[in-house]
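Undergrad: Sequence and predicted structure below; questions after.
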Amino acid sequence: TWLANTSASAQFATSLVLPKTNYLSYEPIPGTVTITNRSGGDIVMTGRGQSNWLSFDVTDGTGRSLPSIGIAQQKPFIFKAGSSIAEKVMLSSHYSVTDLGSYAVTATIFHPPTQQYYTSNRVRFNVMDAKAFWEQPIGVPAGYPEAGRIRRYALVNFRDVDHSNLYFRLLDDKSKQTLATFELGPVSI
(Lines give C-alpha, C1' and ligand atoms only; values in the text may rest on other atoms or scores of the structure.)
Protein backbone atom coordinates (compact mmCIF):
# COMPACT_ATOMS: atom_id res chain seq x y z
CA THR A 1 0.00 0.00 0.00
CA TRP A 2 1.29 3.39 -0.97
CA LEU A 3 0.89 6.06 1.72
CA ALA A 4 1.11 9.81 1.34
CA ASN A 5 2.18 12.45 3.86
CA THR A 6 -0.33 13.92 6.27
CA SER A 7 -1.12 17.62 6.10
CA ALA A 8 -1.88 19.14 9.52
CA SER A 9 -3.90 22.34 9.94
CA ALA A 10 -5.24 24.20 12.98
CA GLN A 11 -8.82 22.92 12.51
CA PHE A 12 -8.46 19.69 10.55
CA ALA A 13 -5.67 17.19 9.96
CA THR A 14 -6.21 15.58 6.57
CA SER A 15 -4.62 12.72 4.66
CA LEU A 16 -5.41 11.24 1.24
CA VAL A 17 -4.31 7.70 0.34
CA LEU A 18 -4.61 5.61 -2.83
CA PRO A 19 -3.86 1.89 -2.49
CA LYS A 20 -1.32 1.91 -5.34
CA THR A 21 0.36 4.17 -7.89
CA ASN A 22 -0.30 2.43 -11.23
CA TYR A 23 -3.74 1.53 -12.61
CA LEU A 24 -4.93 -0.02 -15.86
CA SER A 25 -7.22 2.10 -18.00
CA TYR A 26 -10.85 1.76 -16.82
CA GLU A 27 -9.79 0.12 -13.54
CA PRO A 28 -11.65 1.39 -10.45
CA ILE A 29 -9.52 3.94 -8.54
CA PRO A 30 -10.48 4.10 -4.85
CA GLY A 31 -9.25 6.80 -2.51
CA THR A 32 -9.52 7.24 1.25
CA VAL A 33 -9.56 10.65 2.93
CA THR A 34 -8.91 10.63 6.67
CA ILE A 35 -9.90 13.77 8.60
CA THR A 36 -9.31 14.53 12.28
CA ASN A 37 -11.32 17.28 13.97
CA ARG A 38 -8.77 19.36 15.90
CA SER A 39 -10.99 22.42 16.24
CA GLY A 40 -11.82 21.84 19.91
CA GLY A 41 -15.57 21.54 19.37
CA ASP A 42 -18.21 19.49 17.61
CA ILE A 43 -18.92 20.65 14.05
CA VAL A 44 -22.00 20.22 11.89
CA MET A 45 -20.34 19.26 8.59
CA THR A 46 -22.05 20.96 5.66
CA GLY A 47 -20.80 22.59 2.50
CA ARG A 48 -20.98 26.24 1.54
CA GLY A 49 -24.29 26.94 -0.21
CA GLN A 50 -25.22 23.91 -2.30
CA SER A 51 -21.68 22.50 -2.41
CA ASN A 52 -20.35 19.46 -0.55
CA TRP A 53 -18.08 19.60 2.49
CA LEU A 54 -15.65 17.23 0.72
CA SER A 55 -14.45 17.77 -2.82
CA PHE A 56 -11.51 16.70 -4.98
CA ASP A 57 -9.22 18.32 -7.49
CA VAL A 58 -7.97 15.83 -10.08
CA THR A 59 -5.43 17.11 -12.60
CA ASP A 60 -3.91 15.45 -15.64
CA GLY A 61 -0.22 15.44 -16.58
CA THR A 62 -0.48 18.95 -18.08
CA GLY A 63 -1.96 20.37 -14.86
CA ARG A 64 -5.47 20.72 -16.31
CA SER A 65 -8.24 20.13 -13.74
CA LEU A 66 -10.72 17.44 -14.74
CA PRO A 67 -14.43 18.21 -14.31
CA SER A 68 -16.40 16.11 -11.85
CA ILE A 69 -18.97 13.84 -13.45
CA GLY A 70 -21.32 13.60 -10.50
CA ILE A 71 -20.43 13.44 -6.83
CA ALA A 72 -23.63 12.90 -4.88
CA GLN A 73 -24.83 15.55 -2.44
CA GLN A 74 -23.40 14.75 0.99
CA LYS A 75 -25.69 14.73 4.01
CA PRO A 76 -24.74 16.92 7.02
CA PHE A 77 -23.44 15.15 10.12
CA ILE A 78 -21.98 16.04 13.51
CA PHE A 79 -18.19 15.66 13.54
CA LYS A 80 -17.21 15.18 17.19
CA ALA A 81 -14.21 17.09 18.58
CA GLY A 82 -11.03 15.00 18.59
CA SER A 83 -12.53 12.24 16.44
CA SER A 84 -11.42 11.03 13.02
CA ILE A 85 -13.39 9.85 10.01
CA ALA A 86 -12.29 7.99 6.90
CA GLU A 87 -14.28 8.72 3.74
CA LYS A 88 -13.85 6.20 0.93
CA VAL A 89 -14.53 7.55 -2.55
CA MET A 90 -14.33 5.81 -5.93
CA LEU A 91 -12.51 8.56 -7.82
CA SER A 92 -12.95 6.79 -11.16
CA SER A 93 -16.74 6.99 -10.72
CA HIS A 94 -16.62 10.80 -10.43
CA TYR A 95 -13.75 11.78 -12.74
CA SER A 96 -12.85 10.61 -16.22
CA VAL A 97 -9.39 9.18 -15.54
CA THR A 98 -9.38 6.61 -18.34
CA ASP A 99 -6.87 8.26 -20.70
CA LEU A 100 -3.32 6.99 -20.41
CA GLY A 101 -0.98 9.30 -18.51
CA SER A 102 -0.14 10.72 -15.12
CA TYR A 103 -2.62 12.34 -12.76
CA ALA A 104 -2.63 14.00 -9.34
CA VAL A 105 -5.43 14.36 -6.80
CA THR A 106 -6.03 16.39 -3.63
CA ALA A 107 -9.02 16.43 -1.30
CA THR A 108 -10.50 19.68 0.01
CA ILE A 109 -12.53 19.80 3.24
CA PHE A 110 -14.77 22.74 4.16
CA HIS A 111 -14.71 23.90 7.83
CA PRO A 112 -18.16 25.50 8.36
CA PRO A 113 -17.45 27.53 11.55
CA THR A 114 -14.53 29.46 9.99
CA GLN A 115 -15.69 29.19 6.34
CA GLN A 116 -12.19 27.98 5.45
CA TYR A 117 -11.04 25.15 3.20
CA TYR A 118 -8.33 22.66 4.15
CA THR A 119 -6.46 20.74 1.46
CA SER A 120 -4.94 17.29 1.82
CA ASN A 121 -1.62 16.08 0.52
CA ARG A 122 -1.27 15.65 -3.24
CA VAL A 123 -1.21 12.04 -4.46
CA ARG A 124 0.12 11.16 -7.90
CA PHE A 125 -0.97 8.11 -9.89
CA ASN A 126 -0.62 6.74 -13.42
CA VAL A 127 -3.12 5.20 -15.82
CA MET A 128 -1.46 2.64 -18.07
CA ASP A 129 -2.41 -0.13 -20.45
CA ALA A 130 -1.34 -3.69 -21.23
CA LYS A 131 -2.10 -6.07 -24.09
CA ALA A 132 -4.49 -8.96 -23.51
CA PHE A 133 -3.05 -12.47 -23.71
CA TRP A 134 -6.48 -14.15 -24.10
CA GLU A 135 -9.77 -12.92 -25.62
CA GLN A 136 -13.17 -14.50 -26.24
CA PRO A 137 -16.24 -12.94 -27.94
CA ILE A 138 -19.63 -13.42 -26.29
CA GLY A 139 -23.11 -12.25 -27.23
CA VAL A 140 -25.31 -10.18 -24.93
CA PRO A 141 -28.35 -12.43 -24.20
CA ALA A 142 -31.95 -11.43 -24.89
CA GLY A 143 -33.58 -9.50 -22.07
CA TYR A 144 -30.44 -7.50 -21.24
CA PRO A 145 -29.60 -3.98 -22.40
CA GLU A 146 -28.02 -4.06 -25.88
CA ALA A 147 -29.13 -7.67 -26.46
CA GLY A 148 -27.54 -9.15 -29.56
CA ARG A 149 -24.38 -6.99 -29.38
CA ILE A 150 -21.08 -8.77 -29.20
CA ARG A 151 -18.81 -8.17 -26.22
CA ARG A 152 -15.29 -9.45 -25.78
CA TYR A 153 -13.86 -10.91 -22.58
CA ALA A 154 -10.12 -10.41 -22.21
CA LEU A 155 -7.47 -11.43 -19.69
CA VAL A 156 -4.53 -9.09 -19.12
CA ASN A 157 -1.34 -9.66 -17.13
CA PHE A 158 -0.24 -6.27 -15.79
CA ARG A 159 3.37 -6.17 -14.62
CA ASP A 160 3.88 -3.36 -12.14
CA VAL A 161 7.15 -2.35 -10.49
CA ASP A 162 7.41 -5.24 -8.01
CA HIS A 163 4.52 -7.57 -8.82
CA SER A 164 2.12 -8.82 -11.52
CA ASN A 165 -1.66 -9.01 -11.37
CA LEU A 166 -4.26 -10.70 -13.54
CA TYR A 167 -7.10 -8.49 -14.82
CA PHE A 168 -10.43 -9.11 -16.52
CA ARG A 169 -11.41 -6.60 -19.19
CA LEU A 170 -14.79 -6.24 -20.96
CA LEU A 171 -14.72 -4.66 -24.43
CA ASP A 172 -17.29 -3.79 -27.07
CA ASP A 173 -16.35 -6.04 -30.00
CA LYS A 174 -17.38 -3.59 -32.73
CA SER A 175 -15.89 -0.34 -31.39
CA LYS A 176 -13.06 -2.01 -29.40
CA GLN A 177 -13.91 0.38 -26.54
CA THR A 178 -13.08 -0.86 -23.04
CA LEU A 179 -16.23 -1.00 -20.91
CA ALA A 180 -14.73 -2.22 -17.62
CA THR A 181 -11.48 -3.47 -16.09
CA PHE A 182 -11.26 -5.46 -12.84
CA GLU A 183 -8.28 -6.85 -10.94
CA LEU A 184 -8.60 -10.60 -10.30
CA GLY A 185 -5.49 -11.11 -8.17
CA PRO A 186 -1.72 -11.60 -8.09
CA VAL A 187 0.09 -13.92 -10.47
CA SER A 188 3.58 -15.43 -10.29
CA ILE A 189 5.89 -14.97 -13.22
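TA: Looks like it came in fine. Quantities reported herein were computed from a predicted structural model and do not represent experimental measurements.
Undergrad: center of this protein - which residue?
TA: Note on the chain: the residue nearest the mean C-alpha position is Leu91, at 2.4 Å, using CA atoms, centre = their mean.
Undergrad: what's that residue in contact with, if anything?
TA: Residues in contact with Leu91 (CB atoms under 8 Å, 6 or more residues apart in numbering) are Ile29, Pro30, Gly31, Phe56, Val58, Val97, Val105. In short, each C-beta sits where N, CA and C put it, glycine included.
Undergrad: Who does the third one form a beta bridge with?
TA: Using DSSP bridges, the bridge partners assigned to Gly31 are Val89.
Undergrad: Pull the residues that contact stretch 169-176.
TA: 24, 26, 132, 137, 149-156, 177-182.
Undergrad: Make a ChimeraX selection of whichever of the residues you listed turn out to be buried.
TA: Selection of buried members from those for ChimeraX, criterion 16 or more other CB atoms under 10 Å:
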select :24,26,151,152,154,156,178,181
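Undergrad: can you give me the helices for this protein?
TA: 91-94 (DSSP state H).
Undergrad: just to revisit the earlier point, cross the contacts of stretch 169-176 against strands and list the overlap.
TA: 24, 132, 137, 150-156, 178-182 (DSSP state E).
Undergrad: out of these, what pair is the most spread apart?
TA: Leu24 and Ile150 (22.2 Å; CB to CB).
Undergrad: How much space separates the residue with the largest distance to the centre of the chain from Thr178?
TA: In terms of distance from the mean C-alpha position of the chain, Ala142 ranks first, at 33.2 Å (CA atoms, centre = their mean). To Thr178, Ala142 is 25 Å away according to CB to CB, to the nearest Å.
Undergrad: What of Arg124?
TA: The value you get for Arg124 to Thr178, if CB to CB is used, is 23 Å.
Undergrad: try Tyr118
TA: 36 Å.
Undergrad: Out of the helices and strands in the chain, which is least certain?
TA: strand 7-8 (a mean of 38; mean pLDDT, DSSP states H and E).
Undergrad: Low-confidence bits of this structure, can you list those?
TA: For the chain, applying pLDDT under 70 flags the ranges 1-10, 70-71, 189.
Undergrad: what sits against Phe110?
TA: Taking CB under 8 Å, 6+ apart as the contact definition, Phe110 lies against Met45, Thr46, Gly47, Arg48, Ser51, Asn52, Trp53, Leu54, Ser55, Gln116, Tyr117.
Undergrad: Can you pick out the most distant pair from the residues you listed?
TA: Longest span within the contacts of Phe110, CB to CB: Asn52 and Gln116, 15.4 Å.
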